[in-house]
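Novice: quick one, fold the following:
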Amino acid sequence: MSIRTALNIVSKRLISAEDSLLNLMEKEELKFNRQLSKKFKLNNIGLDPIKKRKVTFPQDVLPKENIPLEWWYFTGHLEETKNKGKRKKQRFGYEFCIFKFHPSVLRIGPFPFSKIRTEPFLVFHFALTDKNSGEFYTYQDTGLKHPQKINYDKLQLGLEKTNLSFNKSFNLKSNNDLVHLNLKLIPLKKIVKHFEEGYSVMVKNPEQRTYYLTFSRLKTNGTLNFGSQKYKLSGLSWFDHQKMNLPHHSPLKGWDWFSIILDDKTELMLFVLKNKRGVVHQMGGTYIDQDSNAINLSIKDFKINPLGSWKSDKTKIIYPSEWEINIPKLDLSLRVIPAVKDQELERVMATPLAYWEGACDVQGSKGKKKITGLSYVELVGYDQRFWTKFLQKSFR
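Specialist: Next up, the predicted model:
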């Protein structure tokens, strides 16, 4: 037996032992949860169950106090409007996302977090990609650490150095140690309701339900102070809002998600949901035509093939990197290429796992015509480190 074969056998046995231990922990936690809920009546009474109903804008983009989990997610691609001299214009990608958690759906071990805190709290994730230099900067904050502001009468959310508001246009501000960003976003197309008029059961047994709304193309202008440099920027952004229930034990453990803005004034949203073994649980998406009409895409309508991989120096996690997407019914073939390989958020507040979220460029064909575009890709569930999985089971 070669050394490599022996090491492979040992590695498989260690993985098997790790999975057995984590499964045992999960079974014991489920048993204890049932006993605890029965004794102390810890069912999430009063929370919105996220059942099928008519979804409207702007009412359903406003924060709601009794929603288990909701988020306001912006990504965009920006370019310097003016530059001095003959240097190349600066190009940036950004992620600006505010999550709102209701404490009763989170756990510390078997105990609900609502025993410590009763009010919903915010979590902010921010990332900036310098497409020219390859630099990737992240910043995070939470209402558990700093003062927060949630206005339930209009869309206005704030943390110590972050603010999101809406009044005919979205206004994003993030002023932290290295980055000062101030953007105004104006929708260029109508809001899109994904799935069945904005509602879907994403996972069954237990049901994971969501309302999902999107502005797929927003004109974006603003300013960026990055280190010692100041820029005036313009470009295009994407906005998602989702409200979701959060079952304590869900088979869903990860996903690949794509937003694509094409140069023919159409857009794509695609997702691949995976279970804890990495097996595809569900695939779907939406094609948005020039008139904002949404065409639902099922697992039979498209294929996503990763063309390569990238290994993080920090976490040693391996992520897919660069993808080929084919949608025969639209006569559309695309290649999605990361603008920068390393766009990993390895220190994450409120969720213990690292994930990859990055700006990408798109090239391909639609029919016989060449087409280009811009994309953001989110990869969750590739963090299979033991302590990550242990913390996920301990705090959810």
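Novice: for G278, grab the count of nearby residues.
Specialist: Per other Cβ atoms under 10 Å, the neighbour tally for G278 reads 12. In this view, the C-beta of every residue, glycine as well, is placed from N, C-alpha and C.
Novice: hmm, it is touching G254, no?
Specialist: Yes - between G278 and G254 a contact is recorded at 7.2 Å, counting by Cβ atoms under 8 Å.
Novice: overlap in contacts of these two?
Specialist: G381 (Cβ atoms under 8 Å, 6 or more residues apart in numbering).
Novice: my read: L374 touches C360, true?
Specialist: Yes - using Cβ under 8 Å, L374 is in contact with C360, at 7.4 Å.
Novice: give me the phi and psi for the residue lying closest to L106 once chain neighbours are set aside.
Specialist: Distances taken as Cβ to Cβ, 6 or more residues apart in numbering put F113 closest to L106, at 4.1 Å, once the chain neighbours are dropped. Main-chain torsions, F113, degrees, to the nearest 10: phi -60, psi -20.
Novice: gap between F113 and L144?
Specialist: 10 Å (Cβ to Cβ, to the nearest Å).
Novice: flag the shaky bits of the stretch 251-396 of the chain, pLDDT-wise.
Specialist: The stretch 251-396 of the chain contains residues with pLDDT under 70 at 349-351, 387, 389-396.
Novice: for it, just list every one of the strands.
Specialist: Secondary structure of the stretch 251-396 of the chain (DSSP state E, counting those that start in this stretch): strands at 252-262, 267-275, 280-288, 294-298, 303-306, 309-311, 318-320, 323-327, 332-338, 344-345, 355-366, 369-380.
Novice: can you list the ones you listed in TSV and add distance to L62 and mean neighbour count?
Specialist: As requested, the strands of the stretch 251-396 of the chain are exported to TSV (distance: least, Cβ to Cβ, whole Å; neighbours: other Cβ atoms under 10 Å):
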stretch	distance to L62	mean neighbour count
strand 252-262	22	21
strand 267-275	22	22
strand 280-288	23	20
strand 294-298	22	16
strand 303-306	33	14
strand 309-311	38	14
strand 318-320	35	18
strand 323-327	34	18
strand 332-338	33	20
strand 344-345	27	22
strand 355-366	25	20
strand 369-380	24	20
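Novice: mind putting these into JSON lines with distance to Q59?
Specialist: Below are the strands of the stretch 251-396 of the chain laid out as JSON lines (distance: least, Cβ to Cβ, whole Å):
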{"stretch": "strand 252-262", "distance to Q59": "24"}
{"stretch": "strand 267-275", "distance to Q59": "22"}
{"stretch": "strand 280-288", "distance to Q59": "21"}
{"stretch": "strand 294-298", "distance to Q59": "19"}
{"stretch": "strand 303-306", "distance to Q59": "34"}
{"stretch": "strand 309-311", "distance to Q59": "41"}
{"stretch": "strand 318-320", "distance to Q59": "37"}
{"stretch": "strand 323-327", "distance to Q59": "33"}
{"stretch": "strand 332-338", "distance to Q59": "34"}
{"stretch": "strand 344-345", "distance to Q59": "31"}
{"stretch": "strand 355-366", "distance to Q59": "28"}
{"stretch": "strand 369-380", "distance to Q59": "26"}
